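Q: With the sequence up front, the predicted model follows.
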Amino acid sequence: MEQTVVLIKPDGVKRGLIGEIIHRFERMGLKIVAMKMIIPTQEILHEHYGTHKEETIERLGKKTLASYERFGRDAKKELGTDSPKELGKMVVEWLLNYVSSGPVIAMVVEGRHAVENVTRLAGPTMPVEATPGTIRGDFSTDSAAYANVEKRGVSNLIHVSGSIEEANFEKNLWFKPEEILSYKRADEGI
């Protein structure tokens, strides 16, 4: 069975959506094989998001510029720069402040095609683009356009691993092997 990582971010925890989010995964036939509540450190978040790497910072800055162009806004006028590197540093700071602003529920979710199913159930990273029926589509309407103007991370409720490789990396980052359990759900094999 495939395993993937889900983080319920501080906005999901503070809004009391933990049970609802877990329920959606379990209703799909996926099972939680590891779970804990923590306030993540800046160090673990840098490692998780790869924000200690120059290419990640540059990529985030370019995405920010593209978002500004898409909405007809002027990044230099509003944020004081149009340098992808400088914008990337700003976005990293906002992101890390957001995800470390309160408790996070870290989980390992297991099941058939877990990465793909969890990603589909979560919806696109940008909530404004998520369709109803997805977690982000049902519970958030935030966007980079608003977050950037307000100089904060995008409130998108959860993080989900984007690939099997990413899931394996994140699983080893957030959990010790002995924290990941093995058991059978009553409906397995049906």
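A: Done, it's in.
Q: any idea how far the helix or strand of the chain with the lowest mean pLDDT is from the chain center?
A: Using mean pLDDT, DSSP states H and E, helix 144-149 stands out as the lowest-scoring helix or strand of the chain, at a mean of 85. On the basis of C-alpha atoms, centre = their mean, to the nearest Å, helix 144-149 sits 17 Å off its chain's mean C-alpha point.
Q: Over to stretch 89-97?
A: 14 Å.
Q: just stretch 130-138 next, same as before
A: Distance, centroid of stretch 130-138 to centroid of chain: 14 Å (C-alpha atoms, centre = their mean).
Q: What of stretch 53-63?
A: On C-alpha atoms, centre = their mean, the centre of stretch 53-63 falls 17 Å from the chain's centre.
Q: and it, which residues are buried?
A: Neighbour counts over stretch 53-63 (16 or more other C-beta atoms under 10 Å) mark 57-58, 60-61 as buried. C-beta here means a position set from N, CA and C on the backbone, and glycine is covered the same way.
Q: mind listing what's buried in the least confident helix or strand of the chain?
A: Result for helix 144-149 [16+ other C-beta under 10 Å]: buried residues 144-145, 147-148.
Q: Same question for stretch 90-97.
A: In stretch 90-97, counting by 16+ other C-beta under 10 Å, buried: 90-92, 94-96.
Q: Sitting in helices, which of those residues do you find?
A: 90-92, 94-96 (DSSP state H).
Q: hang on, the earlier thing: columns pLDDT, secondary structure and distance to E178 on top of the buried residues of stretch 53-63, output as CSV?
A: Output for those, formatted as CSV (pLDDT from 0 to 100; DSSP: H, G, I helix; E, B strand; the rest coil; distance: C-beta to C-beta, whole Å):
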residue, pLDDT, secondary structure, distance to E178
I57, 94, helix, 34
E58, 95, helix, 38
L60, 92, helix, 34
G61, 93, helix, 39
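Q: Now do the same for S155: helix, strand or coil?
A: Of the three states, S155 takes coil under DSSP: H, G, I helix; E, B strand; the rest coil.
Q: And the most centrally placed residue in the chain, how close does it get to T131?
A: Compute the mean C-alpha point of the chain, and by C-alpha atoms, centre = their mean the closest residue is H159, 1.9 Å away. Applying C-beta to C-beta, to the nearest Å, the value for H159 to T131 is 19 Å.
Q: Show me what the least confident helix or strand of the chain is packed against.
A: helix 54-70, helix 75-79 (3 or more C-beta pairs under 8 Å, 6 or more residues apart in numbering; DSSP states H and E).
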